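Enquirer: here's a sequence, model it:
(one chain, ligands or ions: 1)
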Amino acid sequence: MECLLTSGVGSACLRPGAGVGVSAQGQWRRAFFGSDREVKLRKCWSERRARRFATSASVVEYDVVIVGAGVIGVATAHHILTTTPLSVALVDAREPCAGATGAGQGYIWMTHRKPGTPGWHLAKRSKALWETFAMEVEDSGLNPTEALGWRKTGSLLVASTDEQAKYLQNWAQVLSEAGAATDFLTHLEAVNMEPALATGCLTAAALCHDDLQIDARLTIDTLLQRVRDFESRGRYKELFQSPVQHFIRSSREGRLIGVEIPEGKVFGKSAVVIATGAWSSLLMKTATTEWGMSLVPPMKPRKGHLLVIEGTHDIQLKSGIMECEYLSYNSQSSKSTEATTEPGPSIVMTATLDPNGNLLLGSYREFAGFNIDVQDEVIEKMVERAARFLPGVSNMEGRVRTGLRPYINDGRPMIGPVDDVPGLIFATGHEGSGLCLSLATAEMVTNIIQDVKGPVESAPFLPNGRLSSSTM
Ligand SMILES: Cc1cc2nc3c(=O)[nH]c(=O)nc-3n(C[C@H](O)[C@H](O)[C@H](O)COP(=O)(O)OP(=O)(O)OC[C@H]3O[C@@H](n4cnc5c(N)ncnc54)[C@H](O)[C@@H]3O)c2cc1C
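Expert: Numbering: from 1, shown residues only. You can find the predicted model right below:
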């Protein structure tokens with residue numbers, strides 16, 4: 001969901017596709033946003049929708065069905081098509097970027113991850129794959145900055161207390177020893193490097209040199225253009241605006257062999273991949289009721305707001321910036337294993353500048369069900385928080401994006417097959433790291449389908465033992 005945000009009063013905000021009106025209050029004005037490019041994309045998707053079943057009497061058969069065209073589903077389709085001979089059908093209830101992916105800020109960072117953990121290894125592999133992908137894009141004649149919003153800026157963790165400064169000094173060493181070259185900076189060195197930062201608030205910083213960023217929407221567009229090359233060879237089909245309503249299992253061995261959408265049946269001979277982000281538990285609840293067993297990921301939607309301040313401002317940033325407190329949020333997330341101890345709402349400042357000079361400000365987290373309405377009070381708190389570090393952001397105009405991060409309480413994405421239902425593969429639960437982790441997730445899923453051992457240990461991400469699997 002994306003809305004305009006200005007400092008006037010009045011107007012309304014519409015949720016694309018849902019037609020739900022939300023009255024605006026307070027200082028911020030919001031209005032439905034739809035750029036020419038988005039309108040063109042929507043038209044193109046509806047033309048595809050009209051064409052897609054024209055050649056086959058409501059039944060299509062591919063090797064792999066991927067449910068969900070967010071970054072995880074699209075990256076997985078891309079990896080399978082470009083590295084194997086398998087064919088892919090990509091199904092989405094709405095369209096690409098309709099979920100969390102469209103709201104993503106785009107940082108591909110190691111700076112806030114704990115070295116040695118499963119998440120660290122997955123992120124490290126994914127970051128390497130992003131670098132390779134950017135080179136492939138360049139080799140194909142495109143400029144990665146234009147095609148992916150690619151910027152290798154490094155990231156700056158900023159401390160605002162003496163205790164945090166001390167922590168960062170040690171953290172810089174820990175990251176460097178783990179292979180993510182990081183320098184500790186005094187507050188003067190940090191402000192010299194980033195003059196937009198407030199001198200009064202900072203106590204120190206840590207610069208992780210090789211961190212990078214992408215633009216989620218541009219990247220999805222580029223990935224989709226590449227997978228569509230396989231359509232004419234009969235290896236790819238996209239089925240958007242098509243919610244999966246039922247699963248199809250073989251009667252003999254109970255293997256998952258396809259899905260039902262309103263227009264017909266889509267068969268996947270080798271696998272059906274669940275990449276439905278925050279909606280994964282909803283989908284699995286509905287579907288598994290029919291099977292007499294429950295295979296539901298312990299998933300909760302975790303709402304986020306992202307502020308996009310258009311390029312007319314005068315804030316220049318060399319690197320991406322993240323408040324040191326994000327580290328404590330991260331460890332809190334992964335320690336919280338009981339639903340009763342889930343973290344409460346939080347606002348921690350993150351700031352990145354995209355290649356067009358737009359300033360992107362995060363980061364807000366809250367459990368609010370599936371509600372994605374823009375909240376004025378959250379925006380005001382986010383601006384206030386960001387202004388502590390970047391005083392120039394007060395009184396600026398821009399847009400707001402909201403999205404639902406797919407949160408699992410053990411802090412690990414769920415990637416892999418399920419013993420009880422052959423053919424079913426999960427690729428979900430990436431919370432605030434799906435953009436970063438998508439390429440390694442796609443590689444892991446492809447390896448699992450092909451029964452090949454991959455470069456990252458998959459055991460910590462397997463669903464078995466993490467699903468509610470009672471027989472009903
Ligand atoms: C504000 C914000 C900022 C973020 N910033 C970053 C960042 O800087 N870096 C980073 O790495 N991550 C970031 N994230 C997290 C990242 O965006 C998510 O982890 C990632 O987008 C999840 O991708 P996904 O493909 O799993 O889910 P989604 O993008 O939510 O896609 C799921 C798709 O499944 C479809 N679907 C659902 N149900 C069905 C059904 N029944 N049938 C068919 N299709 C269905 C939906 O329509 C949707 O398109 C951010 C998230 C938010 C909200």
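Enquirer: wait, a strand at Gln164?
Expert: No - using DSSP: H, G, I helix; E, B strand; the rest coil, the assignment for Gln164 is helix, not a strand.
Enquirer: which ones are touching it?
Expert: Thr203, Ala204, Cys324, Glu325 (CB atoms under 8 Å, 6 or more residues apart in numbering). Heads up, the C-betas are built off the backbone N, CA and C, glycines and all.
Enquirer: run the last query once more with 6 Å
Expert: Cys324 (CB atoms under 6 Å, 6 or more residues apart in numbering).
Enquirer: and Ala205, by the same measure?
Expert: By CB under 6 Å, 6+ apart, the contact list for Ala205 reads Leu156, Val158, Leu185, Ala190.
Enquirer: please identify the helix or strand for Pro422.
Expert: Counting by DSSP states H and E, the element that carries Pro422 is strand 421-428.
Enquirer: adjacent strands (with direction) for that strand?
Expert: Within its sheet, and counting by DSSP bridges, strand 421-428 is paired with strand 264-274 (parallel), strand 414-418 (antiparallel).
Enquirer: can you list the residues that contact that strand?
Expert: With CB under 6 Å, 6+ apart as the test, strand 421-428 has contacts from 72, 255-256, 271-275, 280, 406, 414-415, 417-418, 441, 445, 463.
Enquirer: before we move on, the earlier item: can you redo the strands paired with strand 421-428 as CSV with mean neighbour count?
Expert: Supplementary listing: the strands paired with strand 421-428 in CSV, determined by neighbours: other CB atoms under 10 Å:
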stretch, mean neighbour count
strand 264-274, 22
strand 414-418, 23
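Enquirer: for the ligand, find the nearest of these.
Expert: Among those, the nearest to the ligand by CB to the nearest ligand atom is strand 264-274 (9.0 Å).
Enquirer: give me the mean pLDDT for the closest one.
Expert: For strand 264-274, mean pLDDT is 97.
Enquirer: now swap in stretch 109-125 and tell me
Expert: Throughout stretch 109-125, pLDDT has a mean value of 97.
Enquirer: and if you look at stretch 185-197?
Expert: Across stretch 185-197, the average pLDDT comes to 96.
Enquirer: distance of Leu197 relative to the ligand?
Expert: Distance, Leu197 to the ligand, by CB to the nearest ligand atom, to the nearest Å: 20 Å.
Enquirer: that residue: neighbouring residues, count only.
Expert: Using other CB atoms under 10 Å, Leu197 has 23 other residues around it.
Enquirer: which residue ranges make up each domain of this structure?
Expert: 2-34+149-212+300-408, 36-103+217-298+411-461 (automatic domain parsing).
Enquirer: mean neighbour count, the ones you listed: which tops it?
Expert: Of all the domains of the chain, domain 36-103+217-298+411-461 has the most neighbours on average by mean count of other CB atoms under 10 Å, namely a mean of 20.
Enquirer: circling back: out of the contacts of strand 421-428, which touch the ligand?
Expert: Ile72, Ala275, Pro406 (CB under 6 Å from any ligand atom).
Enquirer: just those now: which is nearest the ligand?
Expert: Checking these against the ligand with CB to the nearest ligand atom, the nearest one is Ile72 at 3.6 Å.
Enquirer: hang on, that closest one in a helix?
Expert: Yes - under three-state DSSP, Ile72 falls within a helix.
Enquirer: ok, and the closest non-adjacent residue to it?
Expert: Leaving out its chain neighbours, the residue that sits closest to Ile72 by CB to CB, 6 or more residues apart in numbering is Ala275, at 4.3 Å.
Enquirer: list the residues that contact that neighbour.
Expert: Contacts of Ala275 by CB under 6 Å, 6+ apart are Ile66, Gly68, Ile72, Gly73, Ala427.
Enquirer: surely the second one meets Thr276?
Expert: Yes - with contacts counted by CB atoms under 6 Å, Gly68 reaches Thr276, the gap being 4.1 Å.
Enquirer: with the ligand in mind, check whether the helix or strand where Val378 lies reaches it.
Expert: Using DSSP H and E, Val378 maps to helix 376-389. No - residues of helix 376-389 contacting the ligand under CB under 6 Å from any ligand atom: none, with a closest distance of 10.3 Å.
Enquirer: can I get that helix in PDB? Just the C-alpha atoms.
Expert: Taking C-alpha atoms only, helix 376-389 is exported to PDB below (Å, rounded to 0.1, in the frame of the first residue of the first chain):
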ATOM      1  CA  ASP A 376      -0.800   9.300  11.500                       C
ATOM      2  CA  GLU A 377       0.500   8.900  15.000                       C
ATOM      3  CA  VAL A 378       3.100   6.300  13.800                       C
ATOM      4  CA  ILE A 379       4.300   8.600  11.000                       C
ATOM      5  CA  GLU A 380       4.700  11.500  13.500                       C
ATOM      6  CA  LYS A 381       6.700   9.300  15.800                       C
ATOM      7  CA  MET A 382       8.900   8.000  13.000                       C
ATOM      8  CA  VAL A 383       9.600  11.600  11.800                       C
ATOM      9  CA  GLU A 384      10.300  12.700  15.400                       C
ATOM     10  CA  ARG A 385      12.700   9.700  15.900                       C
ATOM     11  CA  ALA A 386      14.500  10.300  12.600                       C
ATOM     12  CA  ALA A 387      14.900  14.000  13.300                       C
ATOM     13  CA  ARG A 388      16.900  13.200  16.400                       C
ATOM     14  CA  PHE A 389      19.600  11.900  14.100                       C
END
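Enquirer: could you check how far that helix is from the centre of its chain?
Expert: Centroid separation for helix 376-389 versus its chain: 22 Å, with CA atoms, centre = their mean, to the nearest Å.
Enquirer: what of stretch 313-331?
Expert: 18 Å.
Enquirer: and stretch 395-414, by the same measure?
Expert: Here stretch 395-414 is found 8 Å from its chain centre; the criterion is CA atoms, centre = their mean.
Enquirer: okay, how far is it across that stretch, tip to tip?
Expert: Stretch 395-414 has an end-to-end distance of 41 Å (CA to CA, to the nearest Å).
Enquirer: for it, the averaged confidence score.
Expert: Stretch 395-414 carries an average pLDDT of 93.
Enquirer: ok, now stretch 429-442?
Expert: On average, stretch 429-442 scores 98.
Enquirer: closest residue of the stretch 251-400 of the chain to the ligand?
Expert: Closest point on the stretch 251-400 of the chain to the ligand, by CB to the nearest ligand atom, is Gly277, at 2.4 Å.
Enquirer: what sits against His121?
Expert: By CB under 6 Å, 6+ apart, the neighbours of His121 are Val456.
Enquirer: helix, strand or coil for it?
Expert: helix.
Enquirer: any idea how far it lies from Val456?
Expert: 5 Å (CB to CB, to the nearest Å).
Enquirer: near the ligand, anything from stretch 80-92?
Expert: Yes - Stretch 80-92 reaches the ligand (CB under 6 Å from any ligand atom) through Val91, Asp92.
Enquirer: with just CA atoms, put that stretch into CSV.
Expert: What follows is stretch 80-92, C-alpha atoms only, in CSV (Å, rounded to 0.1, in the frame of the first residue of the first chain):
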residue,chain,number,x,y,z
ILE,A,80,14.8,-22.3,-10.9
LEU,A,81,14.4,-21.0,-14.5
THR,A,82,18.0,-19.8,-14.9
THR,A,83,19.8,-22.7,-13.3
THR,A,84,17.7,-25.8,-14.0
PRO,A,85,15.6,-27.2,-16.9
LEU,A,86,12.5,-27.1,-14.8
SER,A,87,9.4,-25.1,-15.7
VAL,A,88,7.5,-22.8,-13.3
ALA,A,89,4.0,-21.5,-12.7
LEU,A,90,4.0,-18.3,-10.5
VAL,A,91,0.6,-17.7,-8.8
ASP,A,92,-0.4,-14.7,-6.8
